[in-house]
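Asks: 3D, please:
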Amino acid sequence: MNIGLIAHDTKKKLMQNFCIAYRGILGKHELFATGTTGRLVEEVTNLNIHKFLAGHLGGSQQLASQIEHNEMDMVIFLRDPLTPKTHEPNVNDVVRLCDIYNIPLATNLATAELLIKALERGDLEWREMYR
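Replies: Residues are numbered from 1 along each chain as shown. Next up, the predicted model:
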């Protein structure tokens, strides 16, 4: 499955720790991330991650395009709702597109853990029918 990873600056360390904890599961799938998040996760996990541009340079839009073309099966977007970003409309596009195209989306650690455990159990195999 194709998994998208995005993290606001204040959540990047949390994303690194999440990916360390679930490296065994994530390593069985294709990973895509905005540039800085992907680089930081790769550094601590040695997972192979396809990196888009940095989010504020168009990486969020590149990931959104993957969603629109049904090339993303799940997105983990650890966002910081308390610190508005200048490029917030771009990242909100990812959330909106996940809703439109029925892509499982986690925006916090609790939901990310639920999705990753569901992925491990095979609960997301229904996504294969959409391809």
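Asks: What are the contacting residues of the helix or strand bottoming out on mean pLDDT in the chain?
Replies: Least confident helix or strand of the chain, by mean pLDDT, DSSP states H and E, is helix 88-100 with a mean of 82. With contact meaning CB atoms under 8 Å, 6 or more residues apart in numbering, helix 88-100 is reached by 4, 6, 8, 55-56, 58, 60-61, 63-64, 67-68, 75, 77, 79, 85, 103-105, 107. In this view, the C-beta of every residue, glycine as well, is placed from N, C-alpha and C.
Asks: On the three-state scheme, Ile3 is what?
Replies: strand (DSSP: H, G, I helix; E, B strand; the rest coil).
Asks: list the helices and strands the helix or strand that the least confident helix or strand of the chain is followed by packs on?
Replies: Sequence-wise, the next helix or strand downstream of helix 88-100 (DSSP states H and E) is strand 105-106. Applying 3 or more CB pairs under 8 Å, 6 or more residues apart in numbering; DSSP states H and E, we find strand 105-106 packed against strand 74-78, helix 88-100, helix 109-121.
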